[in-house]
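Enquirer: this one's structure only:
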């Protein structure tokens, strides 16, 4: 059995190197990660690996890879302890933002103390359904604070839309708000305030022998998506 695995691994390495990898893989991730990282870069992946078919399973909830038949997942944030292997792809940062329509009547907070007085849009955790606290880095220590919420949502697109509509401050991953910031629909608030950088990671079963197709996708994520993430 060990010899067979070595032969399969060697064949997989040859296929990987020559671009002859083929097969179907099921990738789990969130809709925002798919939209901002995976889908825009997929044409280059298809050019390199034309014989790999990808099935994207999109969900904001944590999925059971074995039960759902998923080969690997791309996730944002610090992975919870599990039996899965973790390969870090890159890092992203949290930005506090608001629309000009919100800031004009309410003012721009200049400190954490002033920030606490503002209304925010809450984001409900997919695990607990409760609103997620805002975390900041103060004097080399992490500070987590509970904010005043006028609205709570559990979807990233709705969360960003609420911020753009002026319903309150939002705290979002840098890659999610890049476009509305560039277009001026959102403005960064307390840009000098340090927020913890968090990882983008590929997770896959520890016990499962990776097929050449899954290995090719994992390595491609490290190469292509990691390069984008370092620019965030």
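Expert: All right, it came through fine. Model, not experiment: these values are computed from the prediction.
Enquirer: Backbone dihedrals for residue 48, both of them.
Expert: phi -80, psi -40 (degrees, to the nearest 10).
Enquirer: my guess is it meets residue 220, correct?
Expert: Yes. Using CB atoms under 8 Å, residue 48 is in contact with residue 220, at 7.4 Å. Where you see a C-beta, it was placed from the backbone N, CA and C, and this is true even at glycine.
Enquirer: Look at those two and report which has more neighbours.
Expert: It is residue 220, of residue 48 and residue 220, that has more neighbours when counted by other CB atoms under 10 Å, with 19 against 13.
Enquirer: and that one, what helix or strand is that in?
Expert: Taking DSSP states H and E as the criterion, residue 220 maps to helix 212-220.
Enquirer: Could you check how far that helix is from the centre of its chain?
Expert: Relative to the centre of its chain, helix 212-220 is centred 19 Å away, using CA atoms, centre = their mean, to the nearest Å.
Enquirer: Next, the buried residues of it.
Expert: Buried positions in helix 212-220, judged by neighbour count with 16 or more other CB atoms under 10 Å: 212, 213, 214, 215, 216, 217, 218, 220.
Enquirer: Would you tell me what the next helix or strand after the least confident helix or strand in the chain by mean pLDDT is?
Expert: Least confident helix or strand, the chain: helix 2-18 with a mean of 45, by mean pLDDT, DSSP states H and E. Sequence order places strand 22-29 as the next helix or strand after helix 2-18, per DSSP H and E.
Enquirer: Please name every helix or strand in contact with that following strand.
Expert: Counting contacts by 3 or more CB pairs under 8 Å, 6 or more residues apart in numbering; DSSP states H and E, strand 22-29 packs against strand 51-58, helix 65-68, strand 72-76, helix 212-220.
Enquirer: Which among these is found nearest to residue 182?
Expert: Nearest to residue 182, of all the helices and strands packed on strand 22-29, is strand 72-76, at 20.4 Å by CB to CB.
Enquirer: so the closest one versus helix 212-220, what angle?
Expert: Going by axes from the mean of the first three to the mean of the last three CA atoms, to 10 degrees, strand 72-76 is angled at 20 degrees with respect to helix 212-220.
Enquirer: can you tell me the average pLDDT over strand 72-76?
Expert: Across strand 72-76, the average pLDDT comes to 89.
Enquirer: go on, stretch 53-67?
Expert: The pLDDT scores in stretch 53-67 average 80.
Enquirer: any idea how far stretch 47-67 is from the chain center?
Expert: Chain-centre distance of stretch 47-67: 15 Å, with CA atoms, centre = their mean.
Enquirer: Now distance to residue 93 too, for the helices and strands packed on strand 22-29, in a markdown table please.
Expert: Shown next, in a markdown table, are the helices and strands packed on strand 22-29 (distance: least, CB to CB, whole Å):
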| stretch | distance to residue 93 |
| --- | --- |
| strand 51-58 | 23 |
| helix 65-68 | 28 |
| strand 72-76 | 11 |
| helix 212-220 | 24 |
